[in-house]
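S.K.: One predicted model, sequence on top.
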Amino acid sequence: MTTLSPTHSLPTAEEVAIARESGRALSAFLQTRAATQQIEIFDDKGASHPVRVPLSALRLLVDVLTEIGEGNAVSIIPIHAELTTQDAADVLNVSRPFLVQLLERGEIPFHKIGTHRRVRYQDVIAYKERIDAERSKALDALAEQAQALKMGYE
């Protein structure tokens, strides 16, 4: 499993400024029709090293830099990744015991490796999208009811 562990530390003011500048500079190259771009990396001796980057990776890098440029911490998880229950709970912003209850009720599929539960990232995101859609539908119904009852919401 290749998962990058989240750092949970916010970027410094200097990192935010650099990310904004870098993101703007790189985003200009996203409009190209080329499948790859070449960027240069300089080592500590000032020597240039060209690196070919797929356009899809460049898009992701611009997204990451945009988030950091807004002062947000960023973590990257492969879609096919298998998460521990704590990692999955962190993605959903719930407690681990609550997540385990969701798993045991069958709301999110999981499998066990020995005694440890593992959850696919895709399944966690599918659950999150499903719950968000249900919440949005419930809020729409409440707003509609409030308008019908003339509760001052127009």
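M.R.: Thanks, I have the structure now. Being a predicted model, the structure only gives us computed values, none of them experimental.
S.K.: what is the rounded mean pLDDT of stretch 54-65?
M.R.: Stretch 54-65 shows a mean pLDDT of 92.
S.K.: tell me the domain ranges of this structure?
M.R.: The chain is divided into the following domains under automatic domain parsing: 13-69, 82-148.
S.K.: From start to finish, how long is the last one in a straight line?
M.R.: Taking Cα to Cα, to the nearest Å, domain 82-148 runs 46 Å from one end to the other.
S.K.: Adjust the sequence numbering to begin at 43 for everything that follows.
M.R.: Got it, the first residue is 43 from now on, which makes the last one we talked about domain 124-190.
S.K.: How far does it sit from its chain's centre?
M.R.: 15 Å (Cα atoms, centre = their mean, to the nearest Å).
S.K.: Leu141 - that's part of a helix, no?
M.R.: Yes: counting by DSSP: H, G, I helix; E, B strand; the rest coil, Leu141 is located in a helix.
S.K.: How about the contacts made by it?
M.R.: Shown in contact with Leu141 (Cβ atoms under 8 Å, 6 or more residues apart in numbering): 127, 130-131, 134, 150. For glycine as for every other residue, the C-beta is placed from the backbone atoms N, C-alpha and C.
S.K.: okay, the domains of the chain in JSON lines with distance to Ile118 next?
M.R.: Converted to JSON lines, the domains of the chain look like this (distance: least, Cβ to Cβ, whole Å):
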{"stretch": "domain 55-111", "distance to Ile118": "7"}
{"stretch": "domain 124-190", "distance to Ile118": "11"}
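S.K.: Going along the chain, name the strands of this protein.
M.R.: 78-84, 90-96, 124-125, 153-155, 158-162 (DSSP state E).
S.K.: As a check, name the ranges of all helices in this protein.
M.R.: In the chain, the segments counted as helices under DSSP state H are 55-69, 97-111, 127-134, 138-146, 163-190.
S.K.: so which of those helices comes closest to Gln80?
M.R.: helix 97-111 (10.4 Å; Cβ to Cβ).
S.K.: Which elements pack onto the closest one?
M.R.: If you count contacts as 3 or more Cβ pairs under 8 Å, 6 or more residues apart in numbering; DSSP states H and E, helix 97-111 packs onto helix 55-69, strand 78-84.
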